[in-house]
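Engineer: Below are the sequence and a predicted model for it; my questions follow.
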Amino acid sequence: MINKIKNKIKKNYTLYIKLRNSYGFQKGLVSLFKSKKGSIEHIKSTYSLVKKDSKILGKPINITIEPTNVCNAQCPVCETGANILERKKAFLSFSDFKIIIDKIYPYTNTLMYYFMGEPFLNKEWVKQVKYTKEKGIPFISTCTNGDVKGIPQGIIESGIDFVSFQMGGTTQETHEVYRVNTNLENIKNNLLQTIKLKKETGSKVHLEAGFILMKHNEHQVEEFIEWCKEIDVDSFNIIDPCVRTVEQGNKYLPTNKDHWIYDPEKFKKGKLQRKIVPQNDCPWIYYSMTIMSNGDVVPCCHDACGKEVMGNLIEQDLEEIWNGEKYQNFRNKIHTNQKDIEICRLCSGYGVSDIK
């Protein structure tokens, strides 16, 4: 009996030490003292993460919503651009968007308004972003190919917090190798006009210029950086490329392997394997969820085709999905056999976003 008690104390103390030392717990505690939304849920979810429980005490605080899976670009590595998405084309209506937001807003700290499509093609996008701000979600971000009319005015009017304009080069010839069917001049003009309107209106939106680094454009990186400094954009980002096959890797991956998320030695042998070896662990399944344009919920942004649907947030309650049988089984699989999960193969291993 005494030994059982000792073992229980030891086990609980070990759990306490793990929890106390975890980055997620420390981050959540700091945010709690600052009264940041989602802090309590973050701490509760961190407790579940440390224990590797399949049923989570907290609610998801990082949400990705897909306004549409339609895109005007035809990027060959993207499932949407290559027309291999295996999902029906759809635009998330404002009425369905409200249903979703009303279920998640009490807990949501950050919302990524983007998935497998160009978000600004949804004609109700300004109204949708405004609604999320009205419901008190602290931070809303998106990324765009930038080649859509009316972007500058919409960004300022909507109150969105962060927008990344992503490009494929500094010249049209280079840009269109990957960003097929988009016009670089239109993208640059939209970004410049948004910067101008931001200054005129006093908007707080953070504007980023992104450069998708690939073999055919790596010689233009310095030119891109200099241009970003000239136009006074808030930040710029060199985006490491993602490919789906070895053939795509041979065509698009840059010669500088520091920008690869894949193992170069395995790649030489014809195998596409990420550098980060699966550790049967993933913070995304404890803090976040991705909601597709038809309301289907998938674990993360690497499930573009919806292979691991956990439920539908238009039709079901959040708790019913978040701690439902499918989600719990998926978490158990992550903790026991992550290397066999297809969507994990595409992951670069980055953590969830900080509490804003």
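Structural biologist: Looks like it came in fine.
Engineer: now stretch 149-156: mean pLDDT?
Structural biologist: Average pLDDT, stretch 149-156: 97.
Engineer: Can I get that stretch in CSV? Just the C-alpha atoms.
Structural biologist: The C-alpha coordinates for stretch 149-156 follow below in CSV (Å, rounded to 0.1, in the frame of the first residue of the first chain):
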residue,chain,number,x,y,z
LYS,A,149,-9.6,43.5,-57.6
GLY,A,150,-10.6,45.6,-54.6
ILE,A,151,-8.1,44.1,-52.2
PRO,A,152,-6.7,47.4,-50.8
GLN,A,153,-10.1,48.9,-49.8
GLY,A,154,-11.4,45.6,-48.4
ILE,A,155,-8.4,45.1,-46.2
ILE,A,156,-8.7,48.5,-44.6
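Engineer: any idea how far that stretch is from the chain center?
Structural biologist: Stretch 149-156 sits 22 Å away from the centroid of its parent chain (C-alpha atoms, centre = their mean, to the nearest Å).
Engineer: list the buried ones in that stretch?
Structural biologist: Under the neighbour-count criterion of 16 or more other C-beta atoms under 10 Å, stretch 149-156 has 151, 152, 154, 155, 156 buried. Using the backbone N, CA and C atoms, a C-beta is placed for each residue, glycine as well.
Engineer: got the buried residues for stretch 241-257?
Structural biologist: Buried, per 16+ other C-beta under 10 Å, within stretch 241-257: 241, 242, 243, 244, 246, 248, 249, 251, 252, 253, 254.
Engineer: Can you list the neighbours in contact with it?
Structural biologist: The contact list for stretch 241-257, computed with C-beta atoms under 8 Å, 6 or more residues apart in numbering, reads 76-77, 178, 212-216, 218, 259-262, 264, 267, 270-272, 346, 348.
Engineer: among those, which are in helices?
Structural biologist: 178, 264, 267 (DSSP state H).
Engineer: For those residues, which entry has the maximal number of neighbours?
Structural biologist: residue 178 (25 neighbours; other C-beta atoms under 10 Å).
Engineer: And for residue 185, the neighbour number?
Structural biologist: Neighbour tally, residue 185, other C-beta under 10 Å: 10.
Engineer: Okay, and it sits in which element?
Structural biologist: Per DSSP states H and E, residue 185 falls inside helix 184-201.
Engineer: Residue 64 now?
Structural biologist: strand 62-65.
Engineer: Now do the buried residues in the following helix or strand past that strand.
Structural biologist: The first helix or strand that comes after strand 62-65 along the chain, using DSSP H and E, is helix 94-104. Buried residues in helix 94-104, counting neighbours by 16+ other C-beta under 10 Å, are found at 96, 97, 100, 101, 103, 104.
Engineer: hang on, isn't the fourth one packed against residue 134?
Structural biologist: No: with contact defined as C-beta atoms under 8 Å, residue 101 does not count as touching residue 134 (9.3 Å).
Engineer: okay, and the helix or strand of the chain with the least pLDDT?
Structural biologist: Using mean pLDDT, DSSP states H and E, helix 2-21 stands out as the lowest-scoring helix or strand of the chain, at a mean of 48.
Engineer: Next, find the distance separating residue 146 from residue 155.
Structural biologist: 11 Å (C-beta to C-beta, to the nearest Å).
Engineer: For residue 233, which non-adjacent residue is closest in space?
Structural biologist: residue 209 (4.9 Å; C-beta to C-beta, 6 or more residues apart in numbering).
Engineer: chain center to stretch 266-276, what's the gap?
Structural biologist: Centre-to-centre, stretch 266-276 and its host chain are 24 Å apart (C-alpha atoms, centre = their mean).
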